[in-house]
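# What follows is a protein structure lacking sequence information:
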């Protein structure tokens, strides 16, 4: 798995076994399809987090922005699920404040 950093907005937080957190988050990315600059797209993915990353997500709760480091996990199709399933495994997280799309695009 390759590690990457993502700006994510946590949508749901659910406690699971022994400190594992799961839920949904939204990752914002730039499509580059606008002639006047970058346009933000978004994708919602399930996630799982352990340890310190789980503690930060638990403290911040849902609907907050985080800078997360993690890896996408892609599972092959199964008999009961004909499509690949994608989730984000979070290894570390840091709180952050949201920035407007234009401000982020100009900083890049």
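Cool, the structure landed. Computed from a predicted structure; not experimentally measured. Numbers count the residues shown, from 1 in each chain.
# so after the longest helix anywhere in the chain, what's the next helix or strand?
Scanning the chain for the longest helix, with DSSP state H as the assignment, gives helix 51-60. Proceeding N to C from helix 51-60, the next assigned helix or strand is strand 65-75, under DSSP states H and E.
# neighbouring strands for that following strand, and are they parallel or not?
strand 4-10 (antiparallel), strand 85-95 (antiparallel) (DSSP bridges).
# CSV for these, including distance to residue 16 and mean pLDDT?
C-beta: built from backbone N, CA, C; applies to glycine. Formatted as CSV, the strands paired with strand 65-75 follow (distance: least, C-beta to C-beta, whole Å; pLDDT from 0 to 100):
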stretch, distance to residue 16, mean pLDDT
strand 4-10, 15, 84
strand 85-95, 13, 89
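# which stretch among these comes nearest residue 42?
Nearest to residue 42 among the strands paired with strand 65-75 is strand 4-10 (8.4 Å), distances taken as C-beta to C-beta.
# which is the next helix or strand following the closest one?
Criterion used, DSSP H and E; the element after strand 4-10 is strand 14-15.
# which is the next helix or strand following that following strand?
strand 21-30.
# what residues does that following strand touch?
By C-beta atoms under 8 Å, 6 or more residues apart in numbering, the residues outside strand 21-30 that reach it are 6-16, 38-50, 54, 57-58, 62, 68, 88, 101, 104-105, 108.
# What mean pLDDT does that strand get?
Model confidence over strand 21-30, given as mean pLDDT, is 86.
# For that strand, buried residues please.
Neighbour counts using 16 or more other C-beta atoms under 10 Å place 21-25, 27-28 of strand 21-30 among the buried residues.
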